[in-house]
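J.: one predicted model, sequence on top.
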Amino acid sequence: KAGVTQTPRYLIKTRGQQVTLSCSPISGHRSVSWYQQTPGQGLQFLFEYFSETQRNKGNFPGRFSGRQFSNSRSEMNVSTLELGDSALYLCASSLGPGIGANEQFFGPGTRLTVL
Amino acid sequence: AQSVSQHNHHVILSEAASLELGCNYSYGGTVNLFWYVQYPGQHLQLLLKYFSGDPLVKGIKGFEAEFIKSKFSFNLRKPSVQWSDTAEYFCAVTTSYGGSQGNLIFGKGTKLSVKP
């Protein structure tokens, strides 16, 4: 079974631009969560989607948004990029909410560099 | 707010030494607990998890962890480390707060360096 895939793997943008990252979950998984990983803050939760609905959101500004499609694929968007948005963005998929179904499988991440 | 603390930022061991990495969380309700590992250049992988039942859980590659509810702890152990265990280890928790369990709260991570 193929794992979680994320595209692109690397991205370089300049301040003020916007960016869209994509995540394809493991086949059969309906829940997708996004995390930001930085050396200073570690791994921080961005948001979670299930059945095309955002179920939970972390403490990030409104410039960070996401969506999920009917095939469970998800995208996240960051508008008006800032230098501090440089990070590894990780996507994780799971079968869906509920005890026992919450084991999350991570993708390789998208390394975003903002210049 | 819920949080996870990992006591050691960087641990250096020789091969065959025993390992124990500390993890404490702050949340008074039902929790699910995880240890993830990130080998150099690779993505996060699940080492082991605790949902309920026996508080001593065994994971892959000889790792185990013990959930001690009274201490809000979930320490990771391995009796004898190998050079290939060099990686960064993350403790994480999800709670039933808000009805969603898709929100993994991670500790800052512990880098383990094993000297051959």
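T.: Cool, got the structure. Numbering: from 1, shown residues only, chains lettered A, B, ... in the order given.
J.: ok, and the closest non-adjacent residue to residue A:10?
T.: residue A:111 (4.9 Å; Cβ to Cβ, 6 or more residues apart in numbering or on different chains). For glycine as for every other residue, the C-beta is placed from the backbone atoms N, C-alpha and C.
J.: does that neighbour touch residue A:9 like I think?
T.: Yes: counting by Cβ atoms under 8 Å, residue A:9 is a contact partner of residue A:111 at 6.8 Å.
J.: out of these two, which sits in the busier spot?
T.: Legend: neighbour count by other Cβ atoms under 10 Å in any protein chain shown for residue A:111 and residue A:9, higher for residue A:111 (15 against 11).
J.: show the pLDDT at the more buried one.
T.: For residue A:111, the pLDDT comes out at 97.
J.: for the chain, which spans come out with low pLDDT?
T.: Using chain A here. For chain A, the stretches with pLDDT under 70 are A:1, A:98-102.
J.: I was thinking of chain B, sorry if that wasn't clear
T.: For chain B, the stretches flagged by pLDDT under 70 are B:96-102.
J.: tell me, what residue is most central in chain A?
T.: The centroid of chain A falls nearest to residue A:34 when counting by Cα atoms, centre = their mean (3.0 Å).
J.: residues touching that residue, list them.
T.: Shown in contact with residue A:34 (Cβ atoms under 8 Å, 6 or more residues apart in numbering or on different chains): A:23, A:45, A:46, A:47, A:48, A:66, A:74, A:76, A:89, A:90, A:91, A:92.
J.: quick one: it from residue A:56, how far?
T.: Separation of residue A:34 from residue A:56 (Cβ to Cβ, to the nearest Å) stands at 11 Å.
J.: before we move on, the earlier item: the residue nearest to residue A:10: which element?
T.: Assigned by DSSP states H and E, residue A:111 belongs to strand A:110-114.
J.: in that strand, what's buried?
T.: For strand A:110-114, the neighbour count (16 or more other Cβ atoms under 10 Å in any protein chain shown) marks A:110, A:112, A:114 as buried.
J.: which one of the residues you listed is nearest residue B:63?
T.: Using Cβ to Cβ, residue A:110 comes nearest to residue B:63 of those, at 28.4 Å.
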